[in-house]
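K.L.:
When you get a sec, could you give me coordinates for this:
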Amino acid sequence: MQPDTTTVQAPDTLPQSDSQPRFTAWHATTIALLALGYSGYYFCRSNLSVVLPDLIHDLAQHGVTVSQAQVRLGFIASAGTMAYAVGKFISGSLADLFGGKRNFVGGMAGSILFTIMFVLSGGFPLFTLAWVGNRLFQSTGWVGLVKVSSRWFSYSTYGTVMAVLSLSYLFGDAACRWVMGQLMAFGLGWRGVFLAGAGSLALLLLANLVFLRETPEERGLPTPEANPLNVYAEDERQTGEETVGLRAILRPLLSSFPFWMVCLLSLGTTLLRETFNFWTPTYFVQFVGLSASAAAERSALFPLFGGVSVLVAGVLSDKLGLNGRSLVLVGGMGATTACLVVLAHTPGHASQWTPVILVALVGFLLLGPYSYLAGAMSLDFGGKRGAATAAGIIDGVGYLAGWLSGDTVARVTVAFGWKNAFLALAGAAFLTALVALVLATYQRFHRPQGAEA
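P.N.:
Numbers count the residues shown, from 1 in each chain. Purely as a prediction, here's the structure:
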């Protein structure tokens, strides 16, 4: 009888390699290129969120009411999120089959082109087409990063490496928002912000095109060791092969119960993250009473505090192992639920800093646990063979719920106000905490034979 390899276990229960590849300057360069490159994606992703109050005001001057503009732009955001989700399912497998660097730099190029198209557009149909195209190309970025990481780094450092790289969508997002807020404060309109972002991403595209390599072997370095308990481990021990067809990549993942639990966790956490990423500046303007530029700058606190959480959680995860990650998810989502309830009962325009601090606290409680899902957990499940596919499916399933973060949240806030929107999000966080508890319990009682208790 074949051993059950569908439950990926904690690194602290794994046999350690006698000769781990050393960390070189090329490893550091690879991390820097991936982190800075993915940070640059946010110049062409967070830009719509940052300029949203300004864009709503601009549309209102052309005969569209504020409520109509908010709902229509919310629909555009949701359409882009759905395109991003669909792209994740496709691009993950493409990265595993054809290489991560192609996905990573190709996504940059497409995002730049569609960002420029958005600036040149006039009216909601072309806005929608440009934003959908942008998000579709952006879906290739993270899975490309995960694929390159799976080839460059040993499983014993997955948590730490992916925590550092996850800072690209947190600290990087925060930095991009701050820069764009500064540009708006100096009088640059939303079109100027879009063009400045496209130019910045173009510079990072050039750097990655020239210096990034798919594998350490291309730099004359040894091959790192993959997690020996990934879902492909038994087949790799028998065949010694890593590059296989799409069916052989998908089958072990889709038959793993823990993998589907992680996908459900992605649904809840992505809904929360995307809602705060997109609507925070608008919430700060409409409910708190900040100016558009101040709202853009303070919205950076959500990913900034989340980045601190990710870094701490990532380093700890290499010590705690997979079951420890699940317990962190339970605690983080439970605390997020409580924080959202408090945020829902916070009065507007009374204190400008109380809602801002609570939003930052949500980022700290949510984003550390969130980063595990399409990061270290994807590498644990997929190893070198299917890490990008695992990340693509986990992220793709999560972003299916992202539709709610744009269109539905817009309708709820217009019809029922921000308080009820936050209470609904608190309910989603609570359900997500329950799923994390199921996963932690399953992993506690389904350890491979010989694993430590």
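K.L.:
Give me the neighbour count for T408.
P.N.:
Using other Cβ atoms under 10 Å, T408 has 18 other residues around it. (Each C-beta comes from the backbone N, C-alpha and C, glycine too.)
K.L.:
Could you report the separation of it from A440?
P.N.:
Distance from T408 to A440, counting by Cβ to Cβ, to the nearest Å: 29 Å.
K.L.:
Could you export stretch 212-225 as CSV, CA atoms only?
P.N.:
Coordinates of each C-alpha in stretch 212-225 appear next as CSV, following Å, rounded to 0.1, in the frame of the first residue of the first chain:
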residue,chain,number,x,y,z
LEU,A,212,16.9,37.4,-13.1
ARG,A,213,17.6,33.7,-13.7
GLU,A,214,15.1,30.8,-13.6
THR,A,215,17.4,28.4,-11.6
PRO,A,216,20.6,28.5,-9.5
GLU,A,217,22.2,26.1,-12.0
GLU,A,218,22.3,28.9,-14.5
ARG,A,219,24.6,30.7,-12.0
GLY,A,220,26.7,27.6,-11.4
LEU,A,221,25.1,26.9,-8.0
PRO,A,222,23.8,23.6,-6.6
THR,A,223,20.1,22.5,-6.7
PRO,A,224,18.3,23.1,-3.4
GLU,A,225,16.2,20.4,-1.7
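K.L.:
quick one: low-confidence parts of this protein?
P.N.:
Confidence mapping of the chain against pLDDT under 70 gives the ranges 1-21, 226-245, 318, 321-323, 349-350, 382-384, 446-453.
K.L.:
Packing partners of the lengthiest helix in the chain?
P.N.:
Longest among the helix segments of the chain by residue count, using DSSP state H, is helix 409-445. In terms of contacts (3 or more Cβ pairs under 8 Å, 6 or more residues apart in numbering; DSSP states H and E), helix 409-445 is packed against helix 66-98, helix 257-283, helix 322-344.
K.L.:
Show me what counts as buried in it.
P.N.:
Of the residues in helix 409-445, 409-413, 418-419, 421-426, 428-430, 432-433, 435-440, 443 count as buried by neighbour count, 16 or more other Cβ atoms under 10 Å.
K.L.:
Pull the distance from it to the chain's centre.
P.N.:
Centre-to-centre, helix 409-445 and its host chain are 18 Å apart (Cα atoms, centre = their mean, to the nearest Å).
K.L.:
now do stretch 42-50
P.N.:
14 Å.
K.L.:
Also stretch 345-363?
P.N.:
Centroid separation for stretch 345-363 versus its chain: 24 Å, with Cα atoms, centre = their mean.
K.L.:
then it to PDB, C-alphas only?
P.N.:
Extracted C-alpha coordinates of stretch 345-363, given in PDB (Å, rounded to 0.1, in the frame of the first residue of the first chain):
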ATOM      1  CA  HIS A 345     -19.100  50.600  15.900                       C
ATOM      2  CA  THR A 346     -16.600  53.400  15.600                       C
ATOM      3  CA  PRO A 347     -18.300  56.700  14.900                       C
ATOM      4  CA  GLY A 348     -17.200  58.700  11.900                       C
ATOM      5  CA  HIS A 349     -15.700  62.200  11.800                       C
ATOM      6  CA  ALA A 350     -15.200  62.100  15.600                       C
ATOM      7  CA  SER A 351     -11.600  61.100  15.500                       C
ATOM      8  CA  GLN A 352      -9.500  60.900  12.400                       C
ATOM      9  CA  TRP A 353      -7.000  58.400  13.900                       C
ATOM     10  CA  THR A 354      -9.200  55.800  15.600                       C
ATOM     11  CA  PRO A 355     -10.500  54.300  12.400                       C
ATOM     12  CA  VAL A 356      -7.100  54.600  10.800                       C
ATOM     13  CA  ILE A 357      -5.500  52.700  13.700                       C
ATOM     14  CA  LEU A 358      -8.200  50.000  13.600                       C
ATOM     15  CA  VAL A 359      -7.700  49.500   9.900                       C
ATOM     16  CA  ALA A 360      -3.900  49.100  10.500                       C
ATOM     17  CA  LEU A 361      -4.600  46.600  13.200                       C
ATOM     18  CA  VAL A 362      -6.800  44.600  10.900                       C
ATOM     19  CA  GLY A 363      -3.800  44.500   8.500                       C
END
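K.L.:
How about residues contacting it?
P.N.:
170, 272, 276, 280, 283-284, 287-290, 298-299, 301-306, 309, 336, 339-340, 342-343, 418-419 (Cβ atoms under 8 Å, 6 or more residues apart in numbering).
K.L.:
Kindly report the same for stretch 116-126.
P.N.:
72, 76, 127, 129-131, 133-134, 191, 194-195, 198.
K.L.:
Kindly recompute the last result at 7 Å.
P.N.:
With Cβ atoms under 7 Å, 6 or more residues apart in numbering as the test, stretch 116-126 has contacts from 72, 127, 130-131, 134, 191, 194-195, 198.
K.L.:
just how off-centre is stretch 399-419 within its chain?
P.N.:
Distance, centroid of stretch 399-419 to centroid of chain: 19 Å (Cα atoms, centre = their mean).
K.L.:
again, but for stretch 35-42
P.N.:
Relative to the centre of its chain, stretch 35-42 is centred 12 Å away, using Cα atoms, centre = their mean.
K.L.:
Then stretch 320-340?
P.N.:
The answer for stretch 320-340 is 17 Å, by Cα atoms, centre = their mean.
K.L.:
Can you give me the buried ones in it?
P.N.:
320-330, 332-337, 339-340.
K.L.:
Tell me how many other residues crowd W353.
P.N.:
Applying other Cβ under 10 Å, we find 10 residues neighbouring W353.
K.L.:
got it, and the one 10 residues further on?
P.N.:
A count of neighbours around G363, defined by other Cβ under 10 Å, yields 31.
K.L.:
measure it to E297 for me?
P.N.:
Distance, G363 to E297, using Cβ to Cβ: 15 Å.
K.L.:
If you tally nearby residues, what's the number for N103?
P.N.:
Number of residues near N103 (other Cβ under 10 Å) recorded here: 28.
K.L.:
Ok, L358 next?
P.N.:
Residues near L358, counting by other Cβ under 10 Å, number 17.
K.L.:
just checking, next helix/strand downstream of the helix or strand harbouring it?
P.N.:
Using DSSP states H and E, L358 maps to helix 353-373. Next helix or strand after helix 353-373 toward the C-terminus (DSSP H and E): helix 376-400.
K.L.:
Show me what that next one is packed up against.
P.N.:
helix 66-98, helix 124-152, helix 158-166, helix 246-254, helix 257-283 (3 or more Cβ pairs under 7 Å, 6 or more residues apart in numbering; DSSP states H and E).
K.L.:
what comes into contact with the following helix or strand past that helix?
P.N.:
With elements assigned by DSSP H and E, the helix or strand that comes after helix 376-400 is helix 402-403. Helix 402-403 is touched from outside by 78, 81-82, 85, 270-271, 274, with contacts defined as Cβ under 7 Å, 6+ apart.
K.L.:
Kindly recompute the last result at 6 Å.
P.N.:
Helix 402-403 is contacted from outside by 78, 81-82, 270, 274, using Cβ atoms under 6 Å, 6 or more residues apart in numbering.
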